[in-house]
Every structure is written in C-alpha cells, then in structure tokens.
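No letters, just coordinates:
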C-alpha cells in the first residue's frame, strides 16, 4: 500500500518534492503514539509535517464518503478534527496561508480557519456553530473557547492537536497556561493525539514530558541539523564604545552588509532599539534601499503590510525584534544581522535560521556587539555554535496563579467538583506535583476570595449545586472571567493614532502608558519609523500628528526593561581566563582587555573580583560573579541587606548576567567584604528582604490580575495600569498585615522566587567563594565596569542609605534651635 | 501631655519629628502624619476617610475593608504617645454618610474608645462628612479657633486669620542626588497650613499640580515631606 493518497503523491511530484524520512515516519506511525514531538532545525518543513497526518486522514475519510455521495463537496468529517496552536498571533495567519496552498492545489475538501483575538465576532459565532476541520488558534483563544458551555461538542471529536514552536512554551506562564488547556482537551476528547513541533533544544526529553502530560510519554523524532551556520563578528574600523546599548558606531558597516546582501533581517533585542536603529539606518540610507521596521507594538495592518512586502521580495532589509523570531517563512533572506548581545545560543540560532530557509545551505550571520563587553558575549556564542552546544530552560513547577483562572474557566463550561478538577490539573506536567492543600486554598480563593476577602459579594464567584458540584455564581462572573482570560500581564498600553484633522486618523500601533504619561503636548517622539508630535490622550488613545523634529524621544517599552537571561556567562568567563582565545576578538576588544588588566585585574575562575570606585556621588562596588542574572539579583538583595546592618548604607544595585553593582554611601573594606560574602546571608536576611522588597509587590500585582483578584477589563472600560497598581498595592499591604497566610501571598512569593531568584546557584557560588573575594580599590570605573554601571535599571534600596541622603538635604539645625523653645514649653506646662 | 524632653530630643534626632513655627505657635510635625501644638496640648489629624475601602468596594473595586482597622490602630499609638488634651480631626473623617453602617463592630468600638479617652475630641466637618454619624462621641463643629488661627476643612478665600486646613491630601515627589523620593507632606505659607491626609487608603495630590500651586505658590511655600517614617524639609 502506498503511504500517500494519490492526490498527495501527485502534488509532491508536481512540486518536485520527496517525502522526507521523518515525514514518512510520522505518517506511518500516526496512530501509534498518543504524543509525538518533532524536533527539527528551521527550514526542515516542520509545519507541513505536523499537518500531513491530519490532511491525509481527513482526505481518506472524505474518500470513503464521496463514494457514497459522489458529487458533494462536503467533507466526510464534519466538525473540528485538528487544532493548531501557535504562541504567536501573526504565526497563525502565516501558517493559514501556507496550509491553504496544498489544500487548494490538491482540491481537498477540507476547511481551515484561524481564530484569534482579532477574529470578528460574527465569524467566531459561526465557527462555534459550524467549526472548520482545522482551526488555527492561540493559547488564549483556546482557553476562551474551552469556557463555552458547548466546549464538549466543539472539541468532542478532536483527533489531533498540533503545538507549534513548543520550545518557546517551556518554563514560562504561557506554557503553564497551555499545558492546562491541553489537559482539558484530553478530558473532552480522550483519544486526541498531540503533536509538538520544536526547534532544536538542549533537553528534548524534558520538552517531551511537558508536551505529553504526566500520564503519557512522548515519542521523540529528531531531525539531524543541517549545515552549521556561518557566523562572524563585525570587526569594525570605527571606534567601539566601552558601554551603552546601541551600535551607532557600526551603522555604516551594517548598511554596507545590507547593500551586499540580497535580503537582510536585522535583529535587535528591544522595541526601543529597533526604532532607534531604524532611524539611524534611514539616515545612512544613501542608496534609498527599501528598509522596513517590524515590532510587536506596531498595528496589525502595518505589520501585515510589511509581511506582504517582504514575502513578495520588495524589501531589502527589515529591522525587527523577537516578534519575527518564530516560524514565519520569509522566502529569500540570505543574511541575518544581530545587533547587540546575542542573549543565548538557542535564541541566536533561531534568529540565524531565518536566513536561507533551506537545510542544505549554511545560513550566514553577522554579529554586531554594541559595546566591548558584548563582543565577549558574541565570541562566546560563536564558540558555542561551533561546538554545537545549546542552552535551555530547566523545567519549573507551574505558576499557581493560573489555577484559579483555570478552575473558573472549566466551571464556566460545566459544573464540576474540586476533586475531579484536581485530578485533571495533575495530568498537566508542570502541575503534576501540585499539593492538594494548595489546591484547596486556591479553590477556596476562587470560590469566595478566602478568609480576608470572603465578606465581599464581589468574590462570591462560585455556588454549590445540590449534587455537590460547583458552578459560577452568576452570569456576571462568567462575563468578567471571559474578558480577562490570559496570563501575560502587560504594562498598560495606549493605542497611537496619527491624526489628520479633527479626531480623525489612523491607529498605527501602541505605546506604554508610562511613556504616554511623561509626554506633554508638543513633545515629539519616534514611532513606527516616523516622527510624531504629541497632542493629547483621548479615550485610551494617544493622539499625535506627523512632525519634524531634531531630537525626538524614543518610546519606552516593557520589553526594553525585560531582563534577558543569557547562558553565555560561562563562555565569557572562559574567554577571559584564556588569553590564547583573545586573538579571535576584534583588536579594539583585545586592547580593552589589556587596559583592564593594567588598570585593575581580570576576573578569574578561582576568585571573585570585586572592584570599588567612587562614581556619581556614591561608592560603587562591582562583583564579577558570572553566575547569571537571577543569582546576581538575589545576591544583590542579600548583600545590600547585610550592608545595611553593617552601616555601609547601600543605595541601589543593578545586575547583569556577569555581575552585580552596588552603590552605597560608605566605602567597604576588605574585612567587611569577607563578612559580606558568607553563605549565612541566605538565612534570615533572605526572609527579611523578601517581605519588604518592591519586587514582591510587583509579582503580587501580576498574580492579582492573573488569578482574578482584580480585573483589568470590565465591560468596555479598561483600567489603566496605574489604577490596577494602586489597588493591588493596597490589597497587598492589607493582606500582609491581616492575613499573612493568604494563598495569593504564597503564590506571589513563589512567583518571585521562580522568576527572579536562583537560590541553588547562589548557594553554590557563596560556598565556592568563601574567603576568596579580592577587593580592588580604584579611583574611577575600570574599563570593564563601564558597561555595567551605565545600565540604568537599578533596584533602589530603602533604609539608612536613602535616609542619609535626605539628611544631607534636611535643615536639621533649624529644628534644633526650635527644640529649645519647645523644651521651655514642656517644662513650663509640666510644672502646672 | 505625655511627651518628655528626652523623648522629643530622641525623636527629633531620628528625624521622626521636626519642629516649625506657624501663626506664632510652635508645631511638632510627626512623620506619622499628625501635628501637635505643645503650647496648648492639641493634636491635629486630618482626612481619616474611615471606611473608604468599603465605599470603593461597593463600586466593584476589590479592596479589603481593613483600612479603618489600620487607620485606627495607627492613630491609637500616636494618641498614646502624646496623650493630648484635645484632638482636632480636621474633616473628612468619615468617607461618606453611610460609613458607620458599614464599619465593623470591632472598629466602631475601637473608635468610640479612642474618642472617649481623650478629654475633648473635635470633629470638624468636611465635604465628605457634613454631618457627624450618629452614636459617635465627640463634638461636631464647623471650625475651631485659637487666637489668630482658625482650623477648618477647606480654606476660605477672604480669611484674614491664619488658616489650618486638610482637604487637599498634599503629596510631593522629589529627587535628591539621583534618587527619587515621594510621600505625603505638610505644606504651608505665611497664612495657610495644609495637613497631610492620615487615612490608610488616601491618595495624594501633588503640590506641584496647578490647583496646589494656586494655593501655595512655590516661592512662598515650605514643604515637610514624609517618607519611610522620617520627616524632612525640602
């Protein structure tokens, strides 16, 4: 028997394609495994492989059917057969296009549609009544559909669910969220098979475990990687800065690279950087090359337009953020330029994979470090790619704040009992260790808010039926829940409207509320590659007109503040330790390292180098730990805590993957340093700090929104993030004082630990470095310190240091003189 | 009067209290958000906004109602320190006219006990509480006068005497050597003194906003900012 139905075989021949080995395997074994994880490098035709079993199955069913009803174009299988889930909205559109192509060319009677937040409501209604055979959607939209009362009908016949870009869903809340949705799907359709499509990852088995759920095992199919990409670092003749985050010095080199290539993708790490780089390239654009900008804050229409232009080969380059990192097929990209630190090998490979979407040719990439420190990171990444080393997230227990949302979601669809839902949740791998006690508390919170909040009608969300099952208390609860589904708490956003006249104009994208609030009418800013003049904020929209100005502001995006963790710290440390490797580095970087050696010391694997110097009216100490951002974050909190006790008066600290910088009023001595660097700071100080740190409040804010304690959206009105912040901060304080054991406090704490701390790594670091920290006193920042101290994202420390600064400004003497007068009054009246 | 020389010296040196002069009286400004006049043993507190939490909650804002408990607890510890002859609560003591019906019995008893233990408790009326709720001890009044000084909730335009008011919930943001500070504040000029809001859930109005600048123009004003338990002059 031939594997492919005749129509498929013909189509493959027409295309000049052959079934690849793994595609063959997937077809042969399509009914054998409950769960299949396909791991293949980009360009291997992954997505088609994912759909192939479904397409063949559907067309087979149809074949049998059409023999009976020969003329009907109606598919033999009615209802939803395959669900495709993509982490990116944009991806669903693209995949939809790519999927329709074979369906149309083979004239298969299969319906395929997309369903995302952008889908108009009449189409959604229709999809519920008459679902397509294949539906392409996002985790959030899936969860919403699962909350409908007819979810069992909609998904009851589901045969396959395809999860694209599975690797991006490990160890984050979005992935936890989806794992629960998958658990639900398995309840509604027990025979449904899962197919995961993933880029190459460091730990395939862990990813397989995530995908399969705790009660099943994934069959993993690995496709051999193609040619290793050719990656080079830019050796520019222009002077490379010591610090800073924008590669302005290299703009001519970047432009030249674009000119020499056919089509280039220029990746940067944040949206703000993309705006800036785009502007700089435009100024350098002497040959008027068609260059475009693409990031997640631009409006849908604008992004579609750029995508279409790119697909038809009209563009020479796109400056883009991670929004273009995943899956979208771009045709003829032959060069990828990464500007700024590569932030991890896997991420870099994903980006490089955008070039030459063909397996047999090596991709070409150019790395442009923004400063000399980043050059080290670029070199470490190149070495890792040559050696074929990958980095990856290790699995983490699922985030608990999603549980109340999930409970409510299930109950919106159908009344159920706590025990049944608990068993269901356990089948999602991130939650297989969920404590029953925690679950019960979370259930109680969902039911009535828990002990501190159960007096409020607003939190009476569930009622118990006579048969013991629970259901949402009323229609309002359901409505509220549906409006607030989703796990990613974003900083408040405002739509940007470019005004032509009156209030008329076009929405061109979104900026963060925080940025909008600091604008005054008349201010100009870059957005979407053009200069705009701010007019006003009306109805959650930022109104602006086109303008010309010399120095516009750049919008700030939360993405710009997001600490990207790199796994390259080890590699950087290795480069520093071995002078032999330096010759691969640009000459300027070598010179900078020698300068560091002469001025201070180079960090070595055996000792922690600690530099101290006066800077900006404070004393800065720099700890070169090379242990990753999370461990450094924790270390920063603990060190400042202890410094506070020792009277060193810390002011603030900031962290990178390589080290930690602490600003304080007083300088530290070698003796004090030894006291600071002891493992016992992991004891009480950790506890103390956790309770007071602003970061716990921040995570509580997220937890409050995700768990449904506060809602960002109600009816048509969206709360501003400032309003949400106001109320959640108050609730946090009150709960902490009056209901310390409230489950949400525990959840916020777990969240903070999971996202921000790395206690195990830190403990190792402290043990390793007991009594081996070297303090070097300097007159000014060392060459290596500059990029670190220039990082503006610092955590402020409350306490004696902050007070010390106020005291300098305080007119204490004035109070002192009046104190005598008060004393006279006191003694006068006390005699009475 | 309960405070002693030693206690005050300690408090001033720790920046928990500072001293200023207004309308020929010496004022102790406590970083906890109250003012004390040692000459007559009066304690001034403003804008308690009791039961604001439960009020907002009735408009679907998810706030716990424990704000009154917290406000009263803080006030009690201050009264314990000063044991004043008279307490002046400078208006907006109750967030709205149904406040008392929402207050828990425990908080209600706590409030009554506090008021009863002070020799004289003046409830100055405010825009939120033109009528004192029933069953609350203490003396309601529109204003209190002391020599050439008048204590009322909102300022009156053609007042010749020095006024002490609440109502505005003044707040200040500032940057000192690259660090940002923000907090409630006392602020005054020659004939106007504005108290910070004391209530747990009271927000603030930046004194650099136009409304506040009209009242207290920058060159004429003094500002005492409250930040993390200490008070300092800007």
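Nice, thanks for sending it over. Quick caveat: nothing in here was measured; it's all calculated off a predicted structure. Residues are numbered from 1 along each chain as shown, chains lettered A, B, ... in the order given.

which one's the longest helix in chain A?
helix A:46-68 (DSSP state H).

Please apply the same query to chain B.
The longest helix of chain B (DSSP H) is helix B:67-82.

other SSEs contacting that one?
Counting by 3 or more Cβ pairs under 8 Å, 6 or more residues apart in numbering or on different chains; DSSP states H and E, the packing neighbours recorded for helix B:67-82 are helix A:721-738, strand B:42-45, helix B:52-57, helix B:105-116. (Glycine included, C-beta is placed from N, CA and C.)

What is the least confident helix or strand in the chain?
Defaulting to chain A. Lowest on mean pLDDT, DSSP states H and E among the helices and strands of chain A sits helix A:558-561, with a mean of 40.

hmm, I had chain B in mind actually
Across helices and strands of chain B (mean pLDDT, DSSP H and E), lowest is helix B:52-57: a mean of 78.

who does it touch, helix- and strand-wise?
Counting by 3+ Cβ pairs under 8 Å, 6+ apart, helix B:52-57 packs on helix B:67-82, helix B:99-102.

now the last one: mean pLDDT?
Average pLDDT, helix B:99-102: 83.

That one and chain A, any residue contact?
No - residues of helix B:99-102 are not located near chain A by Cβ under 8 Å from any Cβ of the partner chain, the shortest gap being 10.4 Å.

Buried ones in that helix, by neighbour count?
Neighbour counts over helix B:99-102 (16 or more other Cβ atoms under 10 Å in any protein chain shown) mark B:99-100, B:102 as buried.

Report all helices and strands that that helix contacts.
On a contact count with 3+ Cβ pairs under 8 Å, 6+ apart, helix B:99-102 meets helix B:52-57.

hang on, the earlier thing: out of the buried residues of helix B:99-102, who's nearest chain A?
Nearest to chain A among the buried residues of helix B:99-102: residue B:102, at 10.4 Å, using Cβ to the nearest Cβ.

excluding its backbone neighbours, what's nearest that closest one?
residue B:54 (4.3 Å; Cβ to Cβ, 6 or more residues apart in numbering or on different chains).

Could you dump the helices and strands packed on helix B:67-82 into JSON lines with distance to residue A:97 and mean neighbour count added?
Putting these into JSON lines (distance: least, Cβ to Cβ, whole Å; neighbours: other Cβ atoms under 10 Å in any protein chain shown) gives the following:
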{"stretch": "helix A:721-738", "distance to residue A:97": "35", "mean neighbour count": "19"}
{"stretch": "strand B:42-45", "distance to residue A:97": "67", "mean neighbour count": "24"}
{"stretch": "helix B:52-57", "distance to residue A:97": "49", "mean neighbour count": "23"}
{"stretch": "helix B:105-116", "distance to residue A:97": "63", "mean neighbour count": "15"}
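
and those as JSON lines, adding distance to residue A:227?
Formatted as JSON lines, the helices and strands packed on helix B:67-82 follow (distance: least, Cβ to Cβ, whole Å):
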{"stretch": "helix A:721-738", "distance to residue A:227": "46"}
{"stretch": "strand B:42-45", "distance to residue A:227": "76"}
{"stretch": "helix B:52-57", "distance to residue A:227": "63"}
{"stretch": "helix B:105-116", "distance to residue A:227": "73"}
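
Among these, which comes closest to residue A:643?
helix A:721-738 (24.7 Å; Cβ to Cβ).

Give the buried residues for stretch A:607-614.
A:608-613.

meant to ask about stretch A:101-114, not that
A:102-103, A:106, A:108-114.

What are the contacting residues of it?
With Cβ atoms under 8 Å, 6 or more residues apart in numbering or on different chains as the test, stretch A:101-114 has contacts from A:7-8, A:10-11, A:14, A:48, A:55, A:58-59, A:62, A:66, A:73-75, A:92-93, A:96, A:99-100, A:123, A:127, A:132-137.

now the longest strand along chain B, how far from the chain's geometric center?
For chain B, the strand that runs over the most residues, judged by DSSP state E, is strand B:179-189. Relative to its parent chain, strand B:179-189 has a centroid offset of 14 Å by Cα atoms, centre = their mean, to the nearest Å.

Any part of it near chain A?
Yes - for strand B:179-189, a contact with chain A is found by Cβ under 8 Å from any Cβ, at B:179-181.

Looking at these, spot the one nearest chain A.
Distances from chain A to those, taken by Cβ to the nearest Cβ, are shortest for residue B:179, at 5.9 Å.

doesn't residue A:650 make contact with the closest one?
No - using Cβ atoms under 8 Å, residue B:179 is not in contact with residue A:650; the gap is 11.8 Å.

Of these two, which one has the most company?
residue A:650 (29 against 17; other Cβ atoms under 10 Å in any protein chain shown).

Name the residues linked to the more buried one by a beta bridge.
Beta-bridge pairing for residue A:650 (DSSP bridges): residue A:664.
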